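# let's see this in three dimensions:
(3 chains)
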Amino acid sequence: MNFPGQHIISIDQFDRDAVTRVFDVADQMIPYARRQRITRVLEGAILGNMFFEPSTRTRVSFGSAFNLLGGQVRETVGMDSSSLSKGESLHDTAKVLSGYSDIIVMRHPQAGSVAEFAAASRVPVLNGGDGANEHPTQALLDLYTIRSELAGKGRELAGLRIAMVGDLKHGRTVHSLCRLLQLYKNVKLTLIAPDALQMPERLLENAREAGLSVHTTSAMDEGLREVDIVYQTRLQEERFADPEEARRYRGAFRINQSLYNRLCHPDTVLLHPLPRDSRADANELDNDLNDNPNLAIFRQADNGVLVRMALFALVLDIEKDINKHARDLHWYTPQR
Amino acid sequence: MNFPGQHIISIDQFDRDAVTRVFDVADQMIPYARRQRITRVLEGAILGNMFFEPSTRTRVSFGSAFNLLGGQVRETVGMDSSSLSKGESLHDTAKVLSGYSDIIVMRHPQAGSVAEFAAASRVPVLNGGDGANEHPTQALLDLYTIRSELAGKGRELAGLRIAMVGDLKHGRTVHSLCRLLQLYKNVKLTLIAPDALQMPERLLENAREAGLSVHTTSAMDEGLREVDIVYQTRLQEERFADPEEARRYRGAFRINQSLYNRLCHPDTVLLHPLPRDSRADANELDNDLNDNPNLAIFRQADNGVLVRMALFALVLDIEKDINKHARDLHWYTPQR
Amino acid sequence: MNFPGQHIISIDQFDRDAVTRVFDVADQMIPYARRQRITRVLEGAILGNMFFEPSTRTRVSFGSAFNLLGGQVRETVGMDSSSLSKGESLHDTAKVLSGYSDIIVMRHPQAGSVAEFAAASRVPVLNGGDGANEHPTQALLDLYTIRSELAGKGRELAGLRIAMVGDLKHGRTVHSLCRLLQLYKNVKLTLIAPDALQMPERLLENAREAGLSVHTTSAMDEGLREVDIVYQTRLQEERFADPEEARRYRGAFRINQSLYNRLCHPDTVLLHPLPRDSRADANELDNDLNDNPNLAIFRQADNGVLVRMALFALVLDIEKDINKHARDLHWYTPQR
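Residues are numbered from 1 along each chain as shown, chains lettered A, B, ... in the order given. Have a look, this model is predicted:
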């Protein structure tokens, strides 16, 4: 992929070289995200952070990533009821808003909307999530986290053994991650879900055709042994036709420290796209795991900033200039 | 008009010299808005972008204009339900908020509210739209666009022939534009609307007294011939007492490419204050016009940034310093 | 108190030296807030301005204070319905959001929430108000204003005579201010309220034990004589179990210019935490006081910016570097 000026709409745009490029640039962002230095490289640049569907964490993550590169952020949150009720097309919204910024992040509840918007935009557009369809930066940050966590244990993505757990039917993030994993060799994928929530057959076939070793099961006991990564998910209750049916699965796939001790290799890393449901009847990842050094869910959220910085840098073609515009910083920063 | 420190509340504040001054400064903003350079001239300045009535495009346009000059933006969107329900007066809101910024843009649903707010404000206030009353930057950007489009064809504002089309009774933008046109000589104005939606008599009289040649008609066939500019408008459905009546006029003034070919001189420029209603039954300006180089509606939106930058620069008295604080930029920018 | 890296959650964290330190630093902020200079000291720093309960004035005040120090602001307004409905704990919200910024201001409707959030945050957290519990920067800016107003008359906090008026039962601000006053000697406190709205007994006892001379009364005539400061409050109607009861007290404690002339020493300063209720039936501080030079309510609001700048500077440990990073500014600023 040739990044400068590119729209980032789908994970399907990424081959292995492109993913490696994003991750290498993300690595270079660490001193800036950890507040060892600042950079002015995007001084004067404007991000249009257009969240037509609210999402505090994703919105702030993108906005902070742009600020960390020295740029400014203009934002919107929620549907523009005025323009919508006045019948404006996505084409027109894109034409207008793309005159106000250098790059746009767009989140929108409707599948396909970001691609339609991007087609009319005069500046690069990054997909911040378009309904049930795609959320490519989430998939990239997930894979980046897996890579980082494995690296800390002297391993790499080739040969990865990963278990995905929970609502694999509706989970946009596990679908995208599954596609990204097909870029690597000897990946062993275990999918733990009740039959009714198992990953769609089409995706399973794709994964097998691409050379992944795929194993499906509904038994935690079987699936969680001998894996490097457990990717826990949230029950996507809002995607069920029948809320009663969703409720039946609440709490069915809890992981807590004693289960971890019993089933998991002590190096097994726990991931989750967040938010995790911490209510007693859901409890996807128990709070008693909070002191487990392999609970990597907050490092995963932090990595979102690195990956988004990297995409901004690559699409705006300034990844080589970041250090040149670096400055020291003087304020209190917490020890890490 | 002496700009520094001035509130910009109404189009009536502008004589011809003042308009010319705004447009000259807007022209100087082009290299910054087109991302050939950045400027730090307003580094450290704060805009209070107070949109008590939501309007994504106008809000982001003002905010981006301030960022492009190097300033920071603090914002609010929607009514401050808390202060309102606690009985705070506009006077007090103005006293407090004007302590937080160097300049304020205010949009508010109530006619006259911005003037009342400005009277108590300790910093300059720009009217971003006060209900059915005024939206002076829209009128200025409309006229600036007309001037620019004419200039591209070797013509100027004196001698302009313009047709305004649609709901001319309720359209705030055509009322204001009509007043601004009175500053120029030999303007020929054709007003195309059904009798019930024709421009208010008082405004017609004013225009005639000021020397405009004014012609009213309800026939597109007659009105669209031999004009330089067609200013299409949106049916202001929300301003009708009876929604049924509004519906009767939906789609009555559509313009598409074949109508354009049949009636308009091939140099005729099409404008619209946006959003345009692209639903099939409204279709004010058909999408088949999107490739018509004389469809200037998105250049018009872009020009909003230039005009708002110019007003900020004039009111804050830094229009002579912009280039002095200029810097190169390094990131990817689309070709234009 | 050792400020760098500290969470600021409660007024109880402040001893007299800490208060003096905040006020001294706030004094140093005056040239920046009055736009005589700008500073880049926090260039590249990010404030997470997390207002899970909307409050335009407090949010913009914090945001502007951070901008005035050269930093960037990322914001949220209102409950994150998405994360909440998905069962995320405050612990997780804090872990995630604290990865996006250098310091966080948090407002939340639930008492104790900010402390809970801060316990999990990886960056310093400032309490922007947690329900009926605390709003420490309001108390500090109130006391700072009293100090400033007294200083203008050649007096100091020791020996202060202050009357608090109105709904002293529910008013969070008067409770906190009362606690802060206990750090000073020879303070004479008059509490004017109907018995049912008098300050809670526990707080009265604390104040007396700490050495304050406390006098309660329900008579304005008696209470307003011979005081330096009158601190008027708003009827906290939303905190009454029975709205009917609240309505009974509306307008019971109005102060206007003629009452002021009749009862108050001509040097008496009028304060109010704002918003003041200017509706005819409430009218806590009549608009006929607006030209009274001792109506200090808008200076009080302005001081909020100074105090918040001071807290940011102290917690981020840059208060000594502000002037070193100062620059001149060039734009129009109103005369003061």
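# and the gap between residue A:61 and residue C:100?
Here residue A:61 is placed at a distance of 6 Å from residue C:100 (Cβ to Cβ, to the nearest Å). (Glycine included, C-beta is placed from N, CA and C.)
# list the residues that contact both of those two?
Shared contacts of residue A:61 and residue C:100 (Cβ atoms under 8 Å, 6 or more residues apart in numbering or on different chains): residue A:305.
# would you mind naming what in chain A lies close to chain C?
A:35, A:38-40, A:54-57, A:59-61, A:63-64, A:67-68, A:70, A:72-73, A:77, A:234, A:274-279, A:282, A:287, A:290, A:298, A:301-302, A:305, A:327, A:329-334 (Cβ under 8 Å from any Cβ of the partner chain).
# okay, and which of the residues you listed map to helices?
A:56-57, A:59-61, A:63-64, A:67-68, A:298, A:301-302, A:305 (DSSP state H).
# still on that earlier bit, near chain B, list only the ones from the residues of chain A next to chain C.
Restricting these to those touching chain B (Cβ under 8 Å from any Cβ) yields A:72, A:77.
# buried ones only from the residues of chain A next to chain C, please, as a PyMOL command.
To isolate the buried members of those in PyMOL, using 16 or more other Cβ atoms under 10 Å in any protein chain shown:
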select buried, chain A and resi 35+38+39+40+54+55+56+57+59+60+61+63+64+67+68+70+72+73+77+234+274+275+276+277+278+282+298+301+302+305+329+330+331+332+333
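# pull the contacting residues for the closest residue to residue A:236 other than its chain neighbours.
Using Cβ to Cβ, 6 or more residues apart in numbering or on different chains and skipping residues adjacent in sequence, the residue nearest residue A:236 is residue A:170, 3.7 Å away. Residues near residue A:170 by Cβ under 8 Å, 6+ apart: A:132, A:197, A:236, A:239-240.
# how about the strands in the stretch 51-200 of chain A?
All strands of the stretch 51-200 of chain A, identified by DSSP state E, counting those that start in this stretch, fall at A:72-77, A:103-108, A:125-130, A:161-165, A:188-192.
# send me the first one as PDB with only the CA atoms.
This file holds the C-alpha atoms of strand A:72-77, laid out as PDB (Å, rounded to 0.1, in the frame of the first residue of the first chain):
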ATOM      1  CA  GLN A  72      -5.300  20.600  16.100                       C
ATOM      2  CA  VAL A  73      -8.600  18.800  16.300                       C
ATOM      3  CA  ARG A  74     -12.100  20.000  15.300                       C
ATOM      4  CA  GLU A  75     -14.900  17.600  16.300                       C
ATOM      5  CA  THR A  76     -18.500  16.700  16.100                       C
ATOM      6  CA  VAL A  77     -20.400  14.200  18.200                       C
END
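# helices or strands up against that strand?
Secondary-structure packing of strand A:72-77 (3 or more Cβ pairs under 8 Å, 6 or more residues apart in numbering or on different chains; DSSP states H and E): strand A:46-51, helix A:56-68, helix B:56-68, strand B:72-77, strand C:72-77.
# repeat that with 7 Å
Under the contact criterion of 3 or more Cβ pairs under 7 Å, 6 or more residues apart in numbering or on different chains; DSSP states H and E, strand A:72-77 touches strand A:46-51, helix A:56-68, helix B:56-68.
# and that strand, how far from the chain's centre?
20 Å (Cα atoms, centre = their mean, to the nearest Å).
# in its sheet, what does it sit against?
Next to strand A:72-77 in the sheet, as set by DSSP bridges, lie strand A:46-51 (parallel).
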